[in-house]
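Engineer: compute the structure for the input listed below.
(chains A and B)
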Protein chains: 2
Amino acid sequence: MASSLENLSLESKEVNNEDDVVNPWNVCSKSKTGIDYDKLIRRFGSSKIDDNLLSRIEAATKKPVHHFLKRGIFFSHRDLYSILNLYEQGKSFYLYTGRGPSSNSLHIGHLIPFIFTKWLQDAFNVPLVIQLTDDEKYLWKDLTIEEAKRLSVENAKDIIACGFDKKKTFIFSDLQFIGECPSFYANVIRIQKSVTFNQVKGIFGFGDSDVIGKIAFPAVQAAPCLSSTFPFIFGNEKVPCLVPCAIDQDPYFRMTRDVAPKLGFSKPALIHSSFLPSLQGADTKMSASDLNSSIYLRDTPKEIKNKINKYAFSGGQETVELHREKGGDCNVDISYQYLKHFLESDEELIKIEKAYTSGKMLTGELKKILIESISKIVQEHQTNRSKITDDDVKEFMTPRKLS
Amino acid sequence: MASSLENLSLESKEVNNEDDVVNPWNVCSKSKTGIDYDKLIRRFGSSKIDDNLLSRIEAATKKPVHHFLKRGIFFSHRDLYSILNLYEQGKSFYLYTGRGPSSNSLHIGHLIPFIFTKWLQDAFNVPLVIQLTDDEKYLWKDLTIEEAKRLSVENAKDIIACGFDKKKTFIFSDLQFIGECPSFYANVIRIQKSVTFNQVKGIFGFGDSDVIGKIAFPAVQAAPCLSSTFPFIFGNEKVPCLVPCAIDQDPYFRMTRDVAPKLGFSKPALIHSSFLPSLQGADTKMSASDLNSSIYLRDTPKEIKNKINKYAFSGGQETVELHREKGGDCNVDISYQYLKHFLESDEELIKIEKAYTSGKMLTGELKKILIESISKIVQEHQTNRSKITDDDVKEFMTPRKLS
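Structural biologist: Sure, this is the predicted structure:
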């Protein structure tokens, strides 16, 4: 059924050259205003998050929705209504998100799914599993296994610093956890028995010269969607899964949604975020491997200030006079876009938008607000992270019952 | 270097239709006298075990060689001289063999690699790891994971009953052990990063419609050739590996020999056995899934007697008169072939061969000798097996230091 309703293929392979490229290894827009997310929803066959759904979430959680939802940063979903229906019937679900640990430090774009996942965890009071796909990074990058494992632990500290509840959160590294948990490998093999090379070729664009590790990997990312992967958390119960993730990860879960029912599980529900653009502009996403495109969670206030002042693409006019006359363009202005992600106050954001669009606020002033806002977030994160000990990491990463 | 010296491809794909089919999933000869093993050695690019090598083994072990070696049942090898050189320099190696647990009971053909591996273990006094590829059987057969795991334990009992030394032998099931040992998964992923789909397509004949589990599996069979898969046995030492196996498993190890040096390990050495033919004749091997082609280790003396009398292909003549005149043909006679495998006394075997070839011994008499011989072996095995407890299995299957 999934196959007929959802487009399983890797979109970039099918659509014409004018379209945005969005897949787990490449995100790139042909337009200066960035990805056309409405078009992406139609191509991927997912559903737009609309006001009705926002009201349903507020009714279910008895809380105002997160500003990521209100502002369309989490903009698309699959089967979120089913999860809400179950939840309102008093049934639980669990959250599953992840990260491929490819660099020592996360950048601020990486925070988005984790900030939102923490909000979901608090709002719904549900268990959460976080997968660190160090095996994926080893397979795709020029990394040793040892380095990939080390990065897992480093990244885990950044993730824990987002404030997750230790009692409700299990973090695992594939390279370690598959070797600790026979139920994980069993589910990987179950999924690998249900998916052909033709299918992963269609979904991910793999070819004959790809190494077999890449071809097999999607099953590893899929397995945590089956609650039986975590018997120490869920026992024998089949618990539905909701995956908050950036929309480039959708191909993995299109595959999983096709397979899960064959293995007796419900399809994982999804809630998709857009991408935080790079400093250089809205046509590419922030990338951990491009130093100047990203603000890292380890950057000093000075580095943050310099990067924003030097690189953040401006939607302002060429001269002050022209800017006062015509105003700035918030749609392409990176500083405004970042504030839309990280400034919590709706009131302030609207004020800034109005001032900048009208020409009353100059790019320099806008950047100053952003520098303050990001520096505060990064510094808070650094303070939180400095308190995370190796023992904390061990505790989060120990397979155990969650409350 | 491996690629240039050894033919990596799946032989049956390359050779003409007249040739024997020998690969992990199919063994079938076009000739009534069975596989042409000399031709197979040339096709596979392995080396024949000759008298010189037998003398070297005797010199190294200070023991007469096993009758499987003398009689050409183990007939082919790769790099066995290197292993002997190292051994004579006082360096150790380890043995690795395995079994895909697909049925409740092993048949007598399955005993051959295990009897020989036990002999090698005793003669060289080296550690041994035995892999039960229950994941492989799950992927290729219509089995559940649970059933594959159960068969692993059943088969482990049959293997232990061959008399392996608990202090020197580690038996593991993939489905269980990969979930207990991060170093195993790490090596699987290392190998999966070093092998492309094109390569496994060439070696194993996989196609686009094969499930990704099959495509990924060869790395699981390869990983135990790297001593770092077993840190609890070998610590950080890189220990060379010798694999005794039937020659249909050679494609896995051709692949492994290509990969191992890239990962800093020596190529595994190999020692290949021929196949025990089915009761019906030398053109197919004994198969666990064909009840009437096989003598199982669980068969009763009556079943053994009936199967041999009813099905064992005879090389005798059509009438007693003709047989007395022309004699029987030992090359196609299954009873003689089985005795060649299982009758230890060279003297007796030569006597039987002479008597049968000359026509002095009739098929019925030959079958009677075989029935006695096999019944004795099977009954001894059953007695040994009945003493194996679940605790014994657990001990053999516990990752631990070997002596």
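Engineer: number of residues surrounding the residue lying closest to A:Lys48 once chain neighbours are set aside?
Structural biologist: Nearest residue to A:Lys48 in three dimensions, chain neighbours excluded: A:Ile41, at 5.4 Å (CB to CB, 6 or more residues apart in numbering or on different chains). C-beta here means a position set from N, CA and C on the backbone, and glycine is covered the same way. By the measure other CB atoms under 10 Å in any protein chain shown, the count of residues near A:Ile41 is 18.
Engineer: pLDDT value on A:Ile41, please?
Structural biologist: According to the prediction, A:Ile41 has pLDDT 95.
Engineer: so who does it touch?
Structural biologist: A:Ser47, A:Lys48, A:Phe75, A:Ser76 (CB atoms under 8 Å, 6 or more residues apart in numbering or on different chains).
Engineer: hang on, isn't the last one packed against A:Ile35?
Structural biologist: Put plainly, it is A:Ser76. No - the pair A:Ser76 and A:Ile35 does not pass the contact test of CB atoms under 8 Å, sitting 11.4 Å apart.
Engineer: quick one, which of the two is more surrounded?
Structural biologist: Between A:Ser76 and A:Ile35, counted using other CB under 10 Å, A:Ile35 has the larger neighbour count: 25 against 22.
Engineer: which element, helix or strand, includes the more buried one?
Structural biologist: Applying DSSP states H and E as the criterion places A:Ile35 outside every helix and strand.
Engineer: and it, what does it touch?
Structural biologist: A:Asp20, A:Val22, A:Val27, A:Ser29, A:Ser274, A:Phe275, A:Ala282.
Engineer: need phi/psi at the last one.
Structural biologist: Read it as A:Ala282. Dihedral pair for A:Ala282: phi -80, psi -10, per degrees, to the nearest 10.
Engineer: which pLDDT value belongs to it?
Structural biologist: 77.
Engineer: go on, the second one?
Structural biologist: Here the pLDDT value assigned to A:Val22 is 90.
Engineer: same question, the fifth one
Structural biologist: Among the per-residue scores, A:Ser274 holds a pLDDT of 95.
Engineer: distance-wise, check A:Tyr37 relative to A:Ile247.
Structural biologist: 8 Å (CB to CB, to the nearest Å).
Engineer: now do the shared contacts for those two.
Structural biologist: Here A:Tyr37 and A:Ile247 share the contacting residues A:Ser76, A:Ser274, scored by CB under 8 Å, 6+ apart.
Engineer: these two: which has the busier surroundings?
Structural biologist: More crowded of A:Tyr37 and A:Ile247, by other CB under 10 Å: A:Ile247, with 24 against 18.
Engineer: pretty sure that one contacts A:Phe74?
Structural biologist: No - using CB under 8 Å, A:Ile247 is not in contact with A:Phe74; the gap is 9.6 Å.
Engineer: shared neighbours of the two, anything?
Structural biologist: A:His272, A:Ser273, A:Ser274.
Engineer: would you turn those into a markdown table with neighbour count, distance to chain B and secondary structure?
Structural biologist: Below are the shared contacts of A:Ile247 and A:Phe74 laid out as a markdown table (neighbours: other CB atoms under 10 Å in any protein chain shown; distance: CB to the nearest CB, whole Å; DSSP: H, G, I helix; E, B strand; the rest coil):
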| residue | neighbour count | distance to chain B | secondary structure |
| --- | --- | --- | --- |
| A:His272 | 27 | 25 | strand |
| A:Ser273 | 23 | 28 | strand |
| A:Ser274 | 23 | 30 | coil |
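Engineer: show me which of the residues you listed is closest to A:Asp142.
Structural biologist: The nearest member of the shared contacts of A:Ile247 and A:Phe74 to A:Asp142, counting by CB to CB, is A:Ser273 at 28.3 Å.
Engineer: for that closest one, give the beta-bridge partners.
Structural biologist: The partner list for A:Ser273 in beta bridges (DSSP bridges) reads A:Phe74, A:Ala246.
Engineer: let me see the contact set for it.
Structural biologist: Contacts of A:Ser273 by CB under 8 Å, 6+ apart are A:Phe68, A:Ile73, A:Phe74, A:Phe75, A:Ile112, A:Pro113, A:Phe116, A:Pro244, A:Cys245, A:Ala246, A:Ile247.
Engineer: leaving out sequence neighbours, find the closest residue to the last one.
Structural biologist: Distances taken as CB to CB, 6+ apart place A:His272 nearest to A:Ile247, at 4.0 Å, with adjacent residues excluded.
Engineer: that neighbour is in contact with A:Gly72, isn't it?
Structural biologist: No - contact criterion CB under 8 Å: A:His272 and A:Gly72 do not qualify, at 11.1 Å.
Engineer: which one of the contacts of A:Ser273 is nearest to chain B?
Structural biologist: Here the nearest of the contacts of A:Ser273 to chain B, counting by CB to the nearest CB, is A:Cys245; it sits at 21.6 Å.
Engineer: and the closest one, how far is that from B:Gly163?
Structural biologist: 54 Å.
Engineer: any idea how far stretch A:355-362 is from the middle of the chain?
Structural biologist: 31 Å (CA atoms, centre = their mean, to the nearest Å).
Engineer: using CSV, write out the CA atom coordinates for it.
Structural biologist: In CSV, the C-alpha atoms belonging to stretch A:355-362 read as follows (Å, rounded to 0.1, in the frame of the first residue of the first chain):
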residue,chain,number,x,y,z
ALA,A,355,11.6,47.3,10.1
TYR,A,356,13.9,45.5,7.7
THR,A,357,11.4,45.2,4.9
SER,A,358,10.4,48.9,5.2
GLY,A,359,14.1,49.9,5.1
LYS,A,360,14.0,51.3,8.6
MET,A,361,16.5,48.7,9.8
LEU,A,362,19.8,48.3,8.0
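Engineer: number of residues surrounding the closest residue to chain B within the stretch 251-400 of chain A?
Structural biologist: Distances between the stretch 251-400 of chain A and chain B by CB to the nearest CB are smallest at A:Met255, namely 10.2 Å. Using other CB under 10 Å, A:Met255 has 25 neighbouring residues.
Engineer: pretty sure it contacts A:Cys225?
Structural biologist: No - A:Met255 lies out of contact with A:Cys225 (CB under 8 Å); the separation is 10.1 Å.
Engineer: for the stretch 101-250 of chain A, what lies in contact range of chain B?
Structural biologist: A:135, A:138-139, A:145, A:175-176, A:178-186, A:189-190, A:192-198, A:200-201, A:206-213, A:215-216, A:218-219 (CB under 8 Å from any CB of the partner chain).
Engineer: are any of those residues buried, and which?
Structural biologist: Neighbour-count burial within those applies to A:135, A:138-139, A:145, A:175-176, A:178-186, A:189-190, A:192-197, A:200-201, A:206, A:210-213, A:215-216, A:218-219; the criterion is 16 or more other CB atoms under 10 Å in any protein chain shown.
Engineer: quick one, strands of chain A?
Structural biologist: Using DSSP state E, the strands of chain A run over residues A:21-23, A:26-28, A:47-48, A:74-78, A:94-99, A:128-132, A:169-173, A:241-246, A:269-273, A:277-278, A:281-285.
Engineer: which one of the ones you listed lies closest to B:Asp122?
Structural biologist: So among these, strand A:169-173 is nearest, using CB to CB, at 41.4 Å.
Engineer: packing partners for that closest one?
Structural biologist: Where contact means 3 or more CB pairs under 8 Å, 6 or more residues apart in numbering or on different chains; DSSP states H and E, strand A:169-173 is packed against strand A:128-132, helix A:145-160, helix A:390-396.
Engineer: turn those into JSON lines, columns for mean pLDDT.
Structural biologist: JSON lines is the format used below for those (pLDDT from 0 to 100):
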{"stretch": "strand A:128-132", "mean pLDDT": "98"}
{"stretch": "helix A:145-160", "mean pLDDT": "95"}
{"stretch": "helix A:390-396", "mean pLDDT": "97"}
